[in-house]
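> Any chance you can model this:
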Amino acid sequence: MIRLNLPDFTFRIREQNNRSEIFDPVRRIFVALTPEEWVRQNFIQFLVQEKNIPLSLIGVEKAHTLYKMKRRSDILIFGDRGLPVMVVECKAPTVKISQKSFDQVARYNMILKVKYLVVTNGLQHFCSLIDYEQASYSFLEEIPDYSVLKIQLKE
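Residues are numbered from 1 along each chain as shown. Next up is the predicted model:
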């Protein structure tokens, strides 16, 4: 797999039925090792190991319905009260981050109403903070650490 713009992490990878699989610690299963899954698993480790987000507060491919259509968020970060606070949309490294990527995560947020939206292809990472009172958003220099998320959740 391609080297990403993230720290190096160790993964459990195996060959099963002529395909590579990677262990997902959130779902606790091996899943097909696609380029998008490579980004997702690296980003999960980044969130846990670098941003101190408890693994127990991370959801993967959580389903929700938008305009009677089933959708799945790549990664959801939940707060202490069980409500989502961040949604992460993962793309394969070969997929250029575009307005279409942001539109997709923004559509998900019509249901989720999270404070943070993240889009990554493993090479580039964009994080925006949603200000619902001002009906605006701003891009952040970096993805917030869990300690920052906890403080903002109490406000």
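> Residue 97: neighbour count?
The criterion is other C-beta atoms under 10 Å. On that basis, residue 97 has 16 neighbouring residues. C-betas here are computed from N, CA, C, even on glycine.
> Contact partners for it?
Applying C-beta atoms under 8 Å, 6 or more residues apart in numbering to residue 97 gives the contacts 91, 119-121, 124, 126.
> how about it, secondary structure?
Of the three states, residue 97 takes coil according to DSSP: H, G, I helix; E, B strand; the rest coil.
> cool, the one 10 residues further on as well?
Applying three-state DSSP to residue 107 yields a three-state assignment of helix.
> Buried among the contacts of residue 97? Need that as a selection in ChimeraX.
In ChimeraX, selecting the buried portion of these, with burial taken from 16 or more other C-beta atoms under 10 Å, looks like this:
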select :91,119,120,121,126
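> Any chance of a markdown table for the contacts of residue 97, columns distance to residue 142 and secondary structure?
Output for those, formatted as a markdown table (distance: C-beta to C-beta, whole Å; DSSP: H, G, I helix; E, B strand; the rest coil):
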| residue | distance to residue 142 | secondary structure |
| --- | --- | --- |
| 91 | 19 | coil |
| 119 | 14 | strand |
| 120 | 12 | strand |
| 121 | 17 | coil |
| 124 | 13 | coil |
| 126 | 11 | strand |
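> Distance to residue 144 and pLDDT for the contacts of residue 97 - can I get that in a markdown table?
Rendered in a markdown table, the data for the contacts of residue 97 read as follows (distance: C-beta to C-beta, whole Å; pLDDT from 0 to 100):
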| residue | distance to residue 144 | pLDDT |
| --- | --- | --- |
| 91 | 21 | 96 |
| 119 | 15 | 96 |
| 120 | 14 | 97 |
| 121 | 20 | 97 |
| 124 | 18 | 96 |
| 126 | 13 | 95 |
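> Cool, thanks, signing off.
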